[in-house]
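Visitor: Here's a sequence, model it:
(chains A, B, C and D)
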Amino acid sequence: MNPANYLYLSALLFTIGAAGVLIRRNAIVVFMCVELMLNACNLAFVTFSRLHGNLDGQVIAFFTMVVAAAEVVVGLAIIVSIFRSRHSASVDDANLMKL
Amino acid sequence: MSASSVHSLWTTAAPVADKFPTPHIEYAQLSPVLIVFAAAALGVLVEAFLPRRSRYTAQVGVAAVGLAAAFAAIVALADKGYGTTKAHIAAMGAVAVDGPALFLQGTILLVGFVAIFTFAERRLDQRAHGNRVDSFAAQGSAVPGSDQEKAAVRAGFTSTEVFPLLMFAVGGMLVFPAANDLLTLFVALEVFSLPLYILCALARRNRLMSQEAAVKYFLLGAFSSAFLLFGIALLYGYAGTVSYSGISAVIDGTAPMNPALASTTGNDALLLIGLAMVTMGLLFKVGAVPFHMWTPDVYQGAPTPVTGFMASATKVAAFGALLRLLYVVLPGMRWDWRPVMWGVAIITMLAGAVIAVTQTDVKRLLAYSSIAHAGFILAGVIATTPDGISSVLFYLAAYSFVTLGAFAVVTLVRDAGGEATHLSRWAGLGRRSPLVAAVFAVFLLAFAGIPLTSGFAGKFAVFKAAAGGGAMPLVIVGVISSAIAAFFYIRVIVLMFFSEPKADGPTVAVPSVMTSTAIAVGVAVTLVLGLAPQYFLDLADKAGVFVR
Amino acid sequence: METLIGLLVAAPLLGAGVLLTGGKRLDRVGHWIGTLLALLSFVFGVVLFADMLGKDADARTLTSHLFTWVPVGGFQADVGFQLDQLSMTFVLLITGVGTLIHIYSIGYMAHDERRRRFFGYLNLFLAAMLLLVVADNYFLLYAGWEGVGLASYLLIGFWQHKPSAATAAKKAFIVNRVGDIGLSVAIMLMFTTFGSFAFNQVLPQAQQASTTQHATITGIGFMLLLAACGKSAQVPLQSWLGDAMEGPTPVSALIHAATMVTAGVYLITRSGAIFNAAPDAQTAVVTVGAVTLLFGAIVGCAKDDIKKALAGSTMSQIGYMIMAAGLGPIGYVFAIMHLVTHGFFKAGLFLGAGSVMHGMNDEVDMRRYGGLRKYMPITFVTFGLGYLAIIGFPGLSGFFSKDKIIEAAFAKGGTEGWILGGAGLLGAAITAFYMTRVMLMTFFGEKRWVPDAEGHEPHPHESPSSMTIPMIILAFGSVFAGAFFSLNSRFVHWLEPVTGHSEGDSPVSAGTVTAATMAVLVVGVGIAWLMYGRRPVPSLAPRGSLLTRAARRDLLQDDFNHVVLVRGGEHLTRSLVYLDHSLVDGVVNGTAASVGGLSGRLRRLQNGYVRSYAVSMLGGTAVLVAATLLMRAV
Amino acid sequence: MSFPLLTVTAAVPAVGAVVTAAVPAAQRTAAKYTALLFSLATLVLAAVVLVRFDPGGNRYQLTESHAWIKDFGLRYELGVDGIAAVMVALTALLIPFVMLAGWHDADPLEDVNPNRRWRPTQGFFALILLVEAMVVLSFEATDVFLFYIFFEAMLIPVYFLIGGFGDRAHAAGEEEAARQRSYAAVKFLLYNLAGGLIMLAAVIGLYTVTAHQLGTGTFSLQEILSARASGKLHIETSTERWLFLGFFFAFAVKAPLWPLHTWLPNAMGESTAPVAVLITAVVDKVGTFAMLRFCLQLFPEASKWATPVILVLAVISIIYGALLAVGQRDIKRLIAYASVSHFGFIILGIFAMTSQGQSGATLYMVNHGISTAALLLVAGFLITRRGSRLIADFGGVQKVAPVLAGTFLIGGLATLSLPGLAPFVSEFLVLVGTFSRYPVLGIIATLGIVLAALYVLVLYQRTMTGPVKAGIEGMSDLKARELLVVTPLIALLLFLGVYPKPVTDIVNPSVNHTLSDVHKTDPKPALEAKK
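Guide: As a prediction, the model looks like this:
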């Protein structure tokens, strides 16, 4: 089975994630889509790691997860605080600043 | 592993190295970073264990000392010649210790040091229940306008967490331009971005806007880093390594071939797409068009001291990283990325200048001007000559202090609702308080690149480099957009000096020694780099060589 | 002696300086200072004249070089003087008549609180005019040329509170400026052709260069003619002279009759060598002269304003001189001779007119005069003598000079000669007519004057002696000068060394010409007497024939100027002002505006929605990727 | 090393600016006298420069040379040729008069501004001195980049002078006045900044060229000239033309040359008369001076290549400016357009490439400076008295204020270049110089003298003559201070009109140098040519 397929899959996931960021309104969901993109990257890393037969890619995948976790912490903190002050998590409601 | 085995990956697992090599770290050469992170950690402990009243002093002290020490370390390293002769790759190829790295780290540290003063300023806002307060929320978690917040304000809480956050951000920024493999690049990026996201959310006034800024910055930042990461993945896939030197070797075809490599390197798409995506991640941070849209909103919403810090330090770090990527990893691909960069630079310069013309808010105005400046710096980056590197280094140093100073001045002009950032409120400022207006005018003229200011020296340097690198058209465009940009800087000056002050105009708060120092430093650097830049140009020249 | 030439100019210049900067404290003595300095310079003139007579005819030219004015490369303009017989003649005329008119003005301007300034201007004029005639190069001459223009501007507009005066002054200066273009272009041409513009360089070279540089020299000739037209009020630049009568009468007498307006004649005579080498230019000159002498005469017939009538006559008399000068060596001498005699009698006439106005509350309309001879006998006599002189009554000076010119015209030979001579005769007839008209309307018939606006009944009286004495002296001049000059053609021998002289062979004998002149004279006087002497003059002007009405309006020449130049100019400037604002400035402002508009539109993209920002980022990345791939593809 | 005379000449006003600005708000008069004192000191120094300059000596004298910013090839190189020396003298000469004339222009109206820290008077005089310093430096600089720096930096103080200090009384009311002022100021700045930035591109281009061919980039005029003379440096034709255009554009905006002139009427109209003098008589001269020094010397071939177009534009400026002057309703705008016409003459003279033309142009710069100063300052006195700039508001002034009217007339006569007054000499030289090479253009330009007579005399007639208009009756005549301003200027006009030799002697050699740079010699007279 051709490893290229895994790459296609990761690309697909990445695209889905990106599309999600563009179309979903709820900040949490948007953020989840970003996470999805990160994981797509992980898949690519692992595949390539396998392909090249070295471990770098897999190590990077771990790093990515940690970073993602950190992002979750910060992101959720921000989103929650804005939700509490606005009683809405829709990213479209947050446009005081424009032009 | 054998050529045949590549096609049956699942049958033969990749040989696993029996044990990881024990990493050996050159602590001395990484000392600046380590010091900063240590100070940051210490700040966290202070936050955890010290009683509230003594935290402020302690935090400021820790941060200031930490940065100063780190800067001293940088100087020491440079003095030892790590910037020039002894430049090399440290920490198992993760971090480069060379001229550009040290120069930029030094700049970032100084900027951070000055930023601390603006962070620590406690005289501008009127006292809340007898407590002096800074420009940060009493309690970030409290809902704006809620009883909880009122209580916090009454109790005189202040979020001293900002200092450790600042320190972490600085730490990340120190690593960013020095990162010598893509992984380190990515991690450093996140390390300085996450604290900034939080800092953005912590404004004491206009908290809704502040939070909105944070959320926008965060989502878009995450989005862009995802792209960056995918780009990294592709590059890794292409070269089978994430170390800069390794990748460039593969690109140049000097790397030892193996079948796997042969199969991936056969596919340029990996390389090119990866390159494009990584570049995009960095361009997002420097705020180049079309990845600039977060800039105005975030700059406007974030607490002004944070904006000042972001606007200057982030740019320095990001451009550092971009330079290293383009000059160390991709010199072999100059002919692929240069034309693209041309396009980006041109639209960045023009769009930044043009859109700024109709801005009505000082902070947004400065945001757009920073975009235009990003364009100018890109022109220098494109030169791909040693001259290009040094000119960019110089420009960054000059620009960051002007920006810091300008935003510091913005914090002074206040009315009942906090800072009065709408331009119409600035009318006649020159009559009310000539000194502040004059200082701000100096910064504006520096932005506009009027001779005898650092802005002119920097602009001349990058344009000279660009022209030397055969990018005369870029220079022409740059010149034209400078002319457009001049218009809105001048507009502000007109407003301040030539229009009658409004009766209910904003007052100019008398700052403590903190902000005064920050502004003074800004002015001093602006004039010194404008009148006698030779020493710093030499420095930049000496520093202008990347280690591979 | 050489230094004396400098002093000649310096004396009145000093006067001007003192009087104009002196301030009020000089008000009481100002006019004396002015007059004395004028007299002084006259004395210098006489001394120089005596000295000159002492030398023999060919060695009379006196030169003195003061300093180099403008030295740049090949362009060496000096301040240097050259006093030869031609200049001498002018010097005497200018200082002599000038002094007389200073004296006259003492009385005439007695009641004007700005009399000091008036004398300052008069002195300024004398200085400039003297500079003009003693300059040894065209560049310095140009300075004098513009100087007299300035003085005339100041003096015409002396009563600045009268808008008409101010306008007239401005008009005079500007029309003169048009002429000045001619002079300056002529100088440039001289410089580019001969590498110099000094008389002693240009004139000799012009002779032998005539073959090689014919076109250029003709050009120079035409340019000089243009200049002469401006200064001497020749068609087509004559329009200013009539209005110039707004100035005080002594000014009209000195500047606009005796001296300044004759500068054109001087210029052409002085540049004789050039014109001799450029026949086409000469033809142009004589044409201008002939046209103007008729033009002026016709205008003179229709004017009821005594000064305007005299102005018309001045125009026409100068026409004679220009024509004479255009005739070449045959004519130069007589041009100058007529110039001198004209200086006497025309000045006399103007002073007479001034005296009349002085007695009549500054009334100028002849239809409001009449029968004044018994009220102001001296004026009547002097004016009468001047009148006889100008119409060329046998024996009086006008007779000799004008007659000679007409002879010379015929002597030109061919049809051209006939035409010019005919024009001269016709002019003589008309002159006789309009001067008789003036005479009759002013001094004969019954009194027609009425109370003026304030209701003061004018009670005519003779003027003070300070005014009458100059008139008498000038009258003497107008009677005897001609005879004195013509006696064994003294004047010819006097000027010959400078201008050269040749007797043309006239198709008609001198006697015939004289007879013809007498005939036309009688005719002219007769008609005038029939029209104005026999029957009473209506005190309001009759509508008059088409020609008369045209003539009253300077033969519509002014209307032409007004419509074409003034109106056209106004339209041009107004449209240019509009253009400058809307087009030239508009382009710039437009660019600025369009940048602003663009900015406003781009701004909308920043709509505040995170997701749209994300779109732009994604799009940007896509473009980036595509571009990178493309780069590799191509 | 010898005494750095040129540096000191520029430093004195700069120091003066600082000192003046530092004078406490209360002591306004003290500030004024301080400023005046410094400007007089500068005048003395400038006189010394003029005396020390030896026309027979080297091309550039009193030279100083120090490294400044090595990386940019920027050297601090000063030196004066005859032209520069004269221009420095002119600048130093005019500034004291500008100050005296504007003695009360910047006195704050107490009620307008309660703030005690607001010190307009100090600012006004300090800015004037600052401008003087920068102008002097740009005349003295023999390093292209050094020149550029001051050429640009100069804009800022001038900008504040225009925008910050306007006529007291304004027909349209204070609010509108402020609006128009800042419009004028911004327009001035943007025009000149745009020009300057275009020039910056050219400057950088020049650097890359020299750096590429000489190894190290340099801006030093002497170095470049000698390098080209020795053939080490050869700028290829197309490059040279582009660089020339870059430089010329900036100078043409400053000069100002049609159609880049529209900023001048606004700037001069809205600013006070002394500032207007500063702009047109001093600052703008840098533009024409730079054409003479930099365009011709650095890019001789390109200059010759562009000459026809430039000459045509110059002639258009002459006629166009004069015609618009005729059409103006506002005294200052009228004088502004007259200046456009005069700058046309200057540029015409420069690019006629004859010794008469260029000496004439240089002389013209001086004379135009003095005559415009005289006319404009008197006009300023007139305007402050009446509180209006509109010609229609005046009439019959000479009846009530004869001296004022007289001086105004003399200024006007100088402007229409009457013989005996200085401008005549220079104008005629320019015309002859042009005519000897381009007869047609010369003749068209000559028409300008008629139009000049027209606009000057129309102005004089409408304002000074005729019956006394309402609002004029009480008008006072010139005061002692004002006479002190006008008299010396008029005296100078007369002197230079009768005896310009001292100036021409200094200027001629430098002009010949310039001409030899562009390999041009005066055309021979037609007759000699024949022989």
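Visitor: For the stretch 351-500 of chain B, which segments count as strands?
Guide: Ranges of strands in the stretch 351-500 of chain B, per DSSP state E, counting those that start in this stretch, are B:413-415, B:418-419.
Visitor: The shortest one and chain A, are they touching?
Guide: Pointing back at strand B:418-419 there. No: judged by C-beta under 8 Å from any C-beta of the partner chain, strand B:418-419 makes no contact with chain A; its nearest approach is 14.4 Å. (Glycine included, C-beta is placed from N, CA and C.)
Visitor: hmm, back to that, with respect to burial, which of the strands of the stretch 351-500 of chain B scores highest?
Guide: Stretch with highest mean neighbour count among these: strand B:418-419 (a mean of 21; mean count of other C-beta atoms under 10 Å in any protein chain shown).
Visitor: Which stretches in the stretch 301-450 of chain C count as strands?
Guide: Taking DSSP E, counting those that start in this stretch as the criterion, the stretch 301-450 of chain C carries no strands.
Visitor: just to revisit the earlier point, out of the strands of the stretch 351-500 of chain B, nearest to residue A:44?
Guide: strand B:418-419 (45.1 Å; C-beta to C-beta).
Visitor: hang on, the earlier thing: so which of the strands of the stretch 351-500 of chain B comes closest to chain C?
Guide: Checking the strands of the stretch 351-500 of chain B against chain C by C-beta to the nearest C-beta gives strand B:418-419 as the closest, at 20.2 Å.
Visitor: longest helix of the chain?
Guide: Just going to use chain A. Taking DSSP state H as the criterion, chain A has its longest helix at helix A:56-86.
Visitor: wrong chain, I was asking about chain B
Guide: Assigned via DSSP H, chain B shows its longest helix as helix B:207-239.
Visitor: if I pick residue B:91, what's in contact with it?
Guide: B:23, B:25-26, B:30 (C-beta atoms under 8 Å, 6 or more residues apart in numbering or on different chains).
Visitor: quick one: which of these is nearest residue C:525?
Guide: residue B:30 (125.3 Å).
Visitor: Run the chain-centre distance for the host helix or strand of that closest one.
Guide: Counting by DSSP states H and E, the element that carries residue B:30 is helix B:27-49. Computed by C-alpha atoms, centre = their mean, to the nearest Å, the chain-centroid distance of helix B:27-49 equals 20 Å.
Visitor: helices and strands around that helix, which ones?
Guide: With contacts taken as 3 or more C-beta pairs under 8 Å, 6 or more residues apart in numbering or on different chains; DSSP states H and E, helix B:27-49 sits against helix B:52-80, strand B:95-97, helix B:99-120, helix B:162-178.
Visitor: For residue C:157, find the nearest of those.
Guide: helix B:99-120 (71.3 Å).
Visitor: What segments of the stretch 251-400 of chain D are helices?
Guide: Counting by DSSP state H, counting those that start in this stretch, the stretch 251-400 of chain D has helices at residues D:263-270, D:273-277, D:284-290, D:296-298, D:300-326, D:331-352, D:355-386, D:397-400.
Visitor: The residue lying closest to residue D:379 once chain neighbours are set aside and chain A: what is the separation?
Guide: Once flanking residues are discounted, residue D:379 sits nearest to residue D:331: 5.2 Å by C-beta to C-beta, 6 or more residues apart in numbering or on different chains. Residue D:331 sits 45 Å away from chain A, taking C-beta to the nearest C-beta, to the nearest Å as the criterion.
Visitor: Check what pLDDT residue D:531 gets.
Guide: With respect to pLDDT, residue D:531 scores 54.
Visitor: likewise residue C:533?
Guide: Predicted confidence (pLDDT) for residue C:533: 81.
Visitor: Is there a neighbour count for it? I'd like the number.
Guide: 18 (other C-beta atoms under 10 Å in any protein chain shown).
Visitor: And the closest residue in space to it that isn't next to it in sequence, how far from chain D?
Guide: Of all residues not flanking residue C:533 in the chain, residue C:440 sits nearest, at 4.9 Å (C-beta to C-beta, 6+ apart). According to C-beta to the nearest C-beta, residue C:440 and chain D sit 37 Å apart.
Visitor: what's near enough to touch residue C:440?
Guide: By C-beta under 8 Å, 6+ apart, residue C:440 lies in contact with C:528-529, C:532-533, C:537.
Visitor: rerun that using 7 Å as the cut-off
Guide: C:528, C:532-533 (C-beta atoms under 7 Å, 6 or more residues apart in numbering or on different chains).
Visitor: How about stretch B:329-346 and chain C, touching?
Guide: Yes: remark: stretch B:329-346 sits within contact range of chain C at B:336-337, B:339-340, B:343, by C-beta under 7 Å from any C-beta of the partner chain.
Visitor: quick one: low-confidence parts of chain A?
Guide: Along chain A, segments meeting pLDDT under 70 span A:1.
Visitor: So which residues on it come close to chain C?
Guide: Counting by C-beta under 7 Å from any C-beta, chain A sits next to chain C at A:18, A:21-22, A:91-92, A:95, A:97-99.
Visitor: Show me which pair in these is furthest apart.
Guide: A:18 and A:99, at 26.0 Å, using C-beta to C-beta across the residues of chain A next to chain C.
Visitor: The longest helix of chain B - contacts with which helices or strands?
Guide: Applying 3 or more C-beta pairs under 7 Å, 6 or more residues apart in numbering or on different chains; DSSP states H and E, one finds that helix B:207-239 contacts helix A:27-52, helix A:56-86, helix B:182-200, helix B:244-252, helix B:259-265, helix B:268-286, helix B:294-301, helix C:610-633.
Visitor: got TSV for the ones you listed, with distance to chain D and mean neighbour count too?
Guide: TSV is the format used below for the helices and strands packed on helix B:207-239 (distance: least, C-beta to the nearest C-beta, whole Å; neighbours: other C-beta atoms under 10 Å in any protein chain shown):
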stretch	distance to chain D	mean neighbour count
helix A:27-52	43	23
helix A:56-86	40	18
helix B:182-200	30	24
helix B:244-252	28	20
helix B:259-265	38	17
helix B:268-286	23	24
helix B:294-301	24	28
helix C:610-633	26	18
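Visitor: Out of these, the one nearest residue B:85 is which?
Guide: Across the helices and strands packed on helix B:207-239, closest to residue B:85 is helix B:244-252 (C-beta to C-beta), at 18.9 Å.
Visitor: Residues touching that closest one, excluding its own?
Guide: So helix B:244-252 is contacted by B:180-181, B:235, B:239, B:241, B:255, B:261, B:265, B:328-329, B:331-333, B:548 (C-beta under 7 Å, 6+ apart).
Visitor: That's all I had, so thanks and see you.
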